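1. Everything below, folded, please.
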Amino acid sequence: MLDPHIEYYGLLRTCLQGPPDKDLLNAIAERAADPPVNSRYIGLKEGWQLLTDFFQRYTIEEAKQHTKATQDYLFGNPLRPKLDPYASQYLYGRRHSEALVNFRRFLKKWQLVPGENKFQDFEDHAIFILDTVVQISYLMEHDGEHWEEALEECLQEHIIPWFPKFLKDVEKEDLEHGEGGFYAGLAKIGQAIIVSEAEVLH
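-> A predicted model of the protein is given here:
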């Protein structure tokens with residue numbers, strides 16, 4: 001059975017949506033002090049090392065300030081963000097492209113259309129896609145075989161084709177920006193996780 005690393009996807013969704021609070025930073029700092037080891041994927045080790053170094057440099061209060069500055073720098077300007085985390089933008093170079101149409105088709109197929117069964121024009125945003133992955137993982141607890149198929153489809157068709165490039169950009173911009181380490185570490189871990197899941201699915 002595919003292990004979708006739901007904990008990571010949920011964490012990434014939270015940290016893309018806004019800077020982490022002190023409780024979450026404390027939890028990640030504790031994990032970074034004794035990170036999980038998987039020697040097969042060097043990116044995991046490198047990502048956790050970036051997080052370990054980050055929390056060794058800063059107190060939790062300082063870390064909170066730095067993560068807020070980085071999150072604002074990367075995504076804070078809604079009109080002209082440094083990174084535009086839409087599948088459409090990464091796959092086709094423009095918003096509202098085939099990537100949005102295809103993900104809406106996926107949501108309809110699996111009856112996952114949000115709200116009052118209405119689309120809002122942001123369904124192919126990274127946060128929404130990650131939220132969908134987490135939602136499917138909860139549904140798997142009740143009907144594993146049915147929803148595992150949905151999860152595999154979501155990962156293979158709507159995350160693997162563009163998330164690695166997006167996360168690589170997050171890593172690069174965070175390190176070059178000068179507040180760096182936290183988002184770069186999360187991004188590095190994510191790249192390794194997606195590589196591992198792509199190998200399972202292929």
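
2. distance between stretch 107-120 and the chain's centre?
-> Centroid separation for stretch 107-120 versus its chain: 21 Å, with Cα atoms, centre = their mean, to the nearest Å.

3. Quick one: end-to-end distance for that stretch.
-> In stretch 107-120, first residue to last residue: 13 Å (Cα to Cα, to the nearest Å).

4. which residues touch that stretch?
-> Applying Cβ atoms under 8 Å, 6 or more residues apart in numbering, the contact partners of stretch 107-120 are 104, 106, 123, 132, 135, 136, 150. Where you see a C-beta, it was placed from the backbone N, CA and C, and this is true even at glycine.

5. Quick check: buried residues in it?
-> 107, 110, 112 (16 or more other Cβ atoms under 10 Å).

6. what does stretch 82-95 give?
-> Residues 83, 84, 85, 86, 87, 88, 89, 90, 91, 95 are the ones in stretch 82-95 that count as buried (16+ other Cβ under 10 Å).

7. Now do the same contact list for residue 47.
-> By Cβ under 8 Å, 6+ apart, the residues touching residue 47 are 184, 185, 186, 187, 188, 189, 190, 191, 192.

8. One more: residue 53?
-> Per Cβ under 8 Å, 6+ apart, neighbours of residue 53: residue 181.

9. Doesn't it belong to a helix?
-> Yes: under DSSP: H, G, I helix; E, B strand; the rest coil, residue 53 falls within a helix.

10. contacts for the helix ranked longest in the chain?
-> Determined from DSSP state H, the single longest helix within the chain is helix 182-201. Applying Cβ under 8 Å, 6+ apart, the external contacts of helix 182-201 come out as 2, 4-5, 8, 11-12, 15, 32, 40-44, 46-51, 54, 63, 66-67, 70-71, 74, 152, 155-156, 159-160, 163-164, 167-168, 170-172, 174-175.

11. mind putting the contacts of residue 47 in JSON lines, neighbour count, pLDDT and distance to residue 198 included?
-> Listed next are the contacts of residue 47 as JSON lines, based on neighbours: other Cβ atoms under 10 Å; pLDDT from 0 to 100; distance: Cβ to Cβ, whole Å:
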{"residue": "184", "neighbour count": "26", "pLDDT": "97", "distance to residue 198": "21"}
{"residue": "185", "neighbour count": "26", "pLDDT": "96", "distance to residue 198": "21"}
{"residue": "186", "neighbour count": "25", "pLDDT": "96", "distance to residue 198": "19"}
{"residue": "187", "neighbour count": "26", "pLDDT": "96", "distance to residue 198": "16"}
{"residue": "188", "neighbour count": "26", "pLDDT": "95", "distance to residue 198": "16"}
{"residue": "189", "neighbour count": "27", "pLDDT": "93", "distance to residue 198": "15"}
{"residue": "190", "neighbour count": "26", "pLDDT": "92", "distance to residue 198": "12"}
{"residue": "191", "neighbour count": "23", "pLDDT": "93", "distance to residue 198": "11"}
{"residue": "192", "neighbour count": "23", "pLDDT": "91", "distance to residue 198": "11"}
